[in-house]
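1. from the sequence below, what's the structure:
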Amino acid sequence: EDWVRIISNDGYTFLLKRKVANMSGTIKNSLDETGKSQPFILIFRKSPTYLLLAGGFAEAGTRTYRSQERGIIVQKMIEYMSFKAYYSNVGPKEEIPVNELTERLPPEIVLELLLAADYQESTPFLLCRQF
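-> Residues are numbered from 1 along each chain as shown. Model prediction:
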């Protein structure tokens, strides 16, 4: 298995399998070494990690994705992506224990987490619960 690193904007580092990281469309495109997922996009930002290189984004070479989110938000996003990867092959008749994940979400970060999930193209349907 291939491993990747995600670094939050407050310096926390997370190591996870590429299969889990690929649950996010944004992270998957950024870490694509072939550059085939987004071949014609060039993004100019202050950070050089967002420049498109000949073979893909700079993140692909270092296997490191720098998130714009706080550590707690990145942690919960990774928990969700792990949950999604684990249950991605479940049959339609099998029950997925959604409460197992949603019970661990502090209400004070739900809105920030939902915005981060939207940006990461990993919008969790699991956040639609009442607090």
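2. hmm, which helix or strand of this structure has the shakiest average pLDDT?
-> strand 52-53 (a mean of 44; mean pLDDT, DSSP states H and E).
3. in stretch 99-106, what's buried?
-> Buried residues in stretch 99-106, counting neighbours by 16 or more other CB atoms under 10 Å, are found at L101, T102, L105. To be clear about C-beta, it is placed using only N, CA and C from the backbone, and glycine gets the same treatment.
4. so S82 versus R104, what's the distance?
-> Separation of S82 from R104 (CB to CB, to the nearest Å): 12 Å.
5. for I6, same thing?
-> 19 Å.
6. check which element follows the helix or strand harbouring V20 along the chain.
-> For V20, the host element (DSSP states H and E) is helix 18-21. Once helix 18-21 ends, the next helix or strand along the chain (criterion: DSSP H and E) is helix 25-30.
7. where does pLDDT dip in this protein?
-> 1, 35-56, 122-131 (pLDDT under 70).
8. could you pull out the helices for the protein?
-> Listed in chain order, the helices of the chain (DSSP state H) span 18-21, 25-30, 58-62, 71-86, 98-102, 110-119.
9. would TSV of those with distance to Y12 be doable?
-> Shown next, in TSV, are those (distance: least, CB to CB, whole Å):
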stretch	distance to Y12
helix 18-21	15
helix 25-30	16
helix 58-62	17
helix 71-86	3
helix 98-102	20
helix 110-119	14
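10. and the ones you listed: which comes nearest D10?
-> Across the helices of the chain, D10 has its closest neighbour in helix 71-86 (5.2 Å, CB to CB).
11. buried set for that closest one?
-> 71-74, 76-78, 80-85.
12. likewise for stretch 58-73?
-> 58-60, 63-67, 69-73.
13. tell me the one of the residues you listed nearest A21?
-> The nearest member of the buried residues of stretch 58-73 to A21, counting by CB to CB, is Y65 at 7.2 Å.
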